[in-house]
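*Asks:* prediction below, plus the sequence it came from.
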Amino acid sequence: EVQLVESGGALVQPGGSLRLSCAASGFTFSNYAMSWVRQAPGKGLEWVSTINNGDGSTRYADSVKGRFTISRDTNKNTVYLQMNSLNAEDTAIYYCNARVLSRNYWGQGTQVTVSS
């Protein structure tokens, strides 16, 4: 059974940093790209970043480029999202996503709130 478990969300002041983690199980982690997607209050899902398997290449939404960094540790079956220079527009529930054998899997989400 595929499972994705996010952690690391918190209340942080504007300009602060957080690192989110997503622990994956139930599939061969190294064979699949991993993504982060977020949902701000009252808004739809917004893709944030993807890290590919194999070469580990990364892509970012324009809204987070230069501030967020996605990475993965295949020994720990974990994907991370380092978030710096946070602002109020980053407030959202952050979800980990994996597309395994043509099916999308999601974690339960972790809340990030940026507020003074």
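*Replies:* Ah, there it is.

*Asks:* point to the residue nearest the middle of the protein.
*Replies:* Per CA atoms, centre = their mean, the C-alpha nearest to the average position across the chain is that of residue 36, at 3.0 Å.

*Asks:* buried stuff in the helix or strand containing that one?
*Replies:* Assessed by DSSP states H and E, residue 36 sits inside strand 34-39. By neighbour count with 16 or more other CB atoms under 10 Å, strand 34-39 contains the buried residues 34, 35, 36, 37, 38. Backbone N, C-alpha and C define where each C-beta goes, glycine included.

*Asks:* quick one: mean pLDDT over that strand.
*Replies:* For strand 34-39, the mean pLDDT works out to 98.

*Asks:* how about the next helix or strand after it, which residues are buried there?
*Replies:* Using DSSP H and E, the helix or strand that follows strand 34-39 in sequence is strand 45-51. Neighbour counts over strand 45-51 (16+ other CB under 10 Å) mark 48, 49, 50, 51 as buried.

*Asks:* format those as JSON lines; extra columns: distance to residue 95.
*Replies:* What follows is those, written out as JSON lines (distance: CB to CB, whole Å):
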{"residue": "48", "distance to residue 95": "9"}
{"residue": "49", "distance to residue 95": "12"}
{"residue": "50", "distance to residue 95": "13"}
{"residue": "51", "distance to residue 95": "15"}
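
*Asks:* quick check, nearest of the residues you listed to residue 107?
*Replies:* Minimum distance to residue 107 across the buried residues of strand 45-51 is 13.4 Å, recorded for residue 48 (CB to CB).

*Asks:* with adjacent residues omitted, what lies nearest to that closest one?
*Replies:* residue 36 (4.3 Å; CB to CB, 6 or more residues apart in numbering).

*Asks:* I'd say the one you found and residue 98 touch.
*Replies:* No. Between residue 36 and residue 98 there is no contact under CB atoms under 8 Å: 10.8 Å.

*Asks:* quick one, helices of this protein?
*Replies:* Counting by DSSP state H, the chain forms no helices at all.

*Asks:* follow-up on the earlier one: in its sheet, what does the strand holding residue 36 sit against?
*Replies:* Partner strands for strand 34-39, per DSSP bridges, with pairing direction: strand 45-51 (antiparallel), strand 92-100 (antiparallel).
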